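Peer 1: Here is my input; please provide its structure:
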Amino acid sequence: MRILITGICGFVGSTLAKSLVAAGHQVTGFDSYIRPGSETNREPLVRLGVKVITADLRDAAEMAALPAADFVIDAAANASVLAGVDGKTSSKELVDHNLLGTVHMLEYCKAHQAGFILLSTSRVYSIAPLAALPVEVARHAFRPDPAAKLPAGLTAAGLDETFATTAPISLYGATKLASEALALEYGEAFGFPVFVNRCGVLAGAGQFGRADQGIFAYWINAWLRKRPLKYLGFGGHGHQVRDCLHPRDLLPALEKQLAAPKLPFGDRLANFSGGAASALSLRQLSDWCEQRFGPHEVVRDGTARPFDIPWIVLDSAKAARIWRWQPVTPTATVLEEIARHAEQHPDWLQLSAPA
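Peer 2: Numbers count the residues shown, from 1 in each chain. Now for the predicted structure:
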């Protein structure tokens with residue numbers, strides 16, 4: 001099958017490209033190399049036979065000129081929840097990249113009758129009920145308080161797809177939620193298959209980690225190099241929790257989506273996550289790093305950041321039901337993979353840092 005991947009030289013795009021080539025697909029992709037470090041992925045992909053085009057998702061003419069494909073996998077995004085509000089990036093640029101870029105790809109799919117798979121995010125879920133979530137601390141990590149009444153759509157297994165998506169969800173979350181709605185509407189209106197995969201935190205070797213995104217890669221690389229690290233917010237204890245998923249674990253579901261007949265509308269959107277079994281707090285990540293690399297001081301700083309939440313884990317039961325999907329790479333394996341990559345690439349933080 002001919003597959004077009006947006007953001008192909010990013011961590012997720014390049015990881016999926018390699019897996020899809022190994023599975024026998026013809027892969028083309030494009031990238032604008034906005035993310036520092038992404039150019040390093042170009043040559044390895046080309047050597048695998050991937051056609052890599054330099055193009056900007058925001059340029060309608062460049063998107064219209066792309067070669068025909070049977071399916072588009074949209075892996076391009078400015079993926080920071082602080083994007084557009086941190087004083088470093090423009091809110092207009094965020095919307096242009098994450099939402100207008102989606103429109104351009106949907107127009108491409110309309111013209112070529114190509115299927116569309118949107119890699120979305122857990123950050124489409126409402127911040128207010130998550131920020132107010134009753135939690136307790138167990139083994140240096142937050143977890144929902146089992147004695148408290150929890151919001152609809154949330155259990156100890158995580159948030160399911162019925163959890164609220166009302167604002168505020170951040171500008172980043174809003175661009176992804178709007179992209180989801182547009183993608184599903186385009187597919188329905190113009191008769192091409194659309195699937196929305198809401199992913200938990202994606203992580204693995206070769207990720208371009210920063211404090212605001214790619215946190216697992218950033219933390220491990222920074223710990224190894226004895227760079228300054230802080231526990232921000234929530235009393236400065238590092239108890240905040242996220243789940244963890246290697247993007248290659250998405251491949252079995254993607255293969256089924258590429259071959260799927262048209263599904264009922266409600267089955268076209270699902271969570272994909274490492275789930276509760278993969279969930280890890282920053283403090284627990286530090287404990288893992290200390291065992292792997294030795295001690296390193298982490299500063300306690302209770303300063304809150306916009307959109308911070310104590311605990312977010314996705315429940316992927318719907319993906320298991322529809323696609324017979326489950327994650328297969330344990331968190332410990334993901335962390336060890338990142339650690340080995342960090343040891344082999346001592347300049348990784350500089351390479352992937354903003355200019």
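Peer 1: mind checking the backbone torsions on the residue lying farthest from the centre of the chain?
Peer 2: For the chain, the largest distance from the centre (C-alpha atoms, centre = their mean) belongs to residue 147, which lies 31.3 Å off. Per-residue torsions, residue 147: phi -90, psi -10 (degrees, to the nearest 10).
Peer 1: separation between it and residue 134?
Peer 2: Using C-beta to C-beta, to the nearest Å, residue 147 is found at 8 Å from residue 134. Using the backbone N, CA and C atoms, a C-beta is placed for each residue, glycine as well.
Peer 1: any chance you could map the helices in the stretch 101-250 of the chain?
Peer 2: Assigned by DSSP state H, counting those that start in this stretch, the helices in the stretch 101-250 of the chain fall at 101-112, 127-131, 170-190, 215-224.
Peer 1: As a markdown table, the ones you listed with mean neighbour count, mean pLDDT and distance to residue 7 would be great.
Peer 2: Converted to a markdown table, the helices of the stretch 101-250 of the chain look like this (neighbours: other C-beta atoms under 10 Å; pLDDT from 0 to 100; distance: least, C-beta to C-beta, whole Å):
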| stretch | mean neighbour count | mean pLDDT | distance to residue 7 |
| --- | --- | --- | --- |
| helix 101-112 | 21 | 98 | 9 |
| helix 127-131 | 17 | 97 | 25 |
| helix 170-190 | 20 | 97 | 13 |
| helix 215-224 | 23 | 96 | 17 |
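Peer 1: what would those look like in TSV with distance to residue 46?
Peer 2: As requested, the helices of the stretch 101-250 of the chain are exported to TSV (distance: least, C-beta to C-beta, whole Å):
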stretch	distance to residue 46
helix 101-112	22
helix 127-131	41
helix 170-190	29
helix 215-224	24
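Peer 1: Out of the ones you listed, which gets nearest to residue 32?
Peer 2: With C-beta to C-beta as the measure, helix 101-112 is the member of the helices of the stretch 101-250 of the chain nearest residue 32 (9.8 Å).
Peer 1: ok, and what's touching the closest one?
Peer 2: Residues from elsewhere that reach helix 101-112 (C-beta atoms under 8 Å, 6 or more residues apart in numbering): 6, 57-60, 63-64, 66, 68-69, 72, 74, 76, 114-116, 118, 179, 182-183, 186-187, 190, 192.
Peer 1: Over to residue 318. Which of the three states is it?
Peer 2: When classified by DSSP: H, G, I helix; E, B strand; the rest coil, residue 318 comes out as helix.
Peer 1: quick one: contacts for it?
Peer 2: Going by C-beta under 8 Å, 6+ apart, residue 318 touches 160, 161, 270, 271.
Peer 1: distance of the residue farthest from the centre of the chain from residue 35?
Peer 2: Distance, residue 147 to residue 35, using C-beta to C-beta: 43 Å.
Peer 1: Over to residue 281?
Peer 2: From residue 281 to residue 35 the distance is 27 Å (C-beta to C-beta).
Peer 1: for residue 296, same thing?
Peer 2: Residue 296 is 27 Å from residue 35, by C-beta to C-beta.
Peer 1: Residue 1 against residue 70, yeah?
Peer 2: Yes. Counting by C-beta atoms under 8 Å, residue 70 is a contact partner of residue 1 at 4.9 Å.
Peer 1: what is in contact with the two at once?
Peer 2: residue 258.
Peer 1: What is the end-to-end distance of stretch 141-148?
Peer 2: Using C-alpha to C-alpha, to the nearest Å, the end-to-end distance of stretch 141-148 comes to 17 Å.
Peer 1: Show me what counts as buried in it.
Peer 2: 141, 142, 143, 144 (16 or more other C-beta atoms under 10 Å).
Peer 1: Pick out whichever of the residues you listed sits closest to residue 90.
Peer 2: Nearest to residue 90 among the buried residues of stretch 141-148, counting by C-beta to C-beta, is residue 142 at 33.1 Å.
Peer 1: contacting residues for the closest one?
Peer 2: 135, 136, 234, 239, 240, 241, 281, 310, 311.
Peer 1: Keep only those of those that are in strands.
Peer 2: Among the contacts of residue 142, the ones falling in strands (DSSP state E) are 135, 136, 241, 281, 311.
Peer 1: dump the residue contacts of the second one.
Peer 2: For residue 136, the residues meeting the contact criterion (C-beta under 8 Å, 6+ apart) are 142, 143, 145.
Peer 1: Go again with 10 Å.
Peer 2: Counting by C-beta atoms under 10 Å, 6 or more residues apart in numbering, residue 136 makes contact with 142, 143, 144, 145, 146, 147, 148, 239.
Peer 1: Which entry within those residues corresponds to the minimum pLDDT?
Peer 2: Scanning these for pLDDT, the low point is residue 146. It has 91.
Peer 1: nearest residue to that residue other than its sequence neighbours?
Peer 2: Closest residue to residue 146 apart from its sequence neighbours, by C-beta to C-beta, 6 or more residues apart in numbering: residue 156 at 6.8 Å.
Peer 1: and that neighbour, what pLDDT?
Peer 2: For residue 156, pLDDT reads 91.
Peer 1: Write the PyMOL selection for whichever of the contacts of residue 142 are buried.
Peer 2: A single PyMOL command selects the buried members of these (16+ other C-beta under 10 Å):
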select buried, resi 135+234+239+240+241+281+310+311
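Peer 1: Brilliant, that's me finished.
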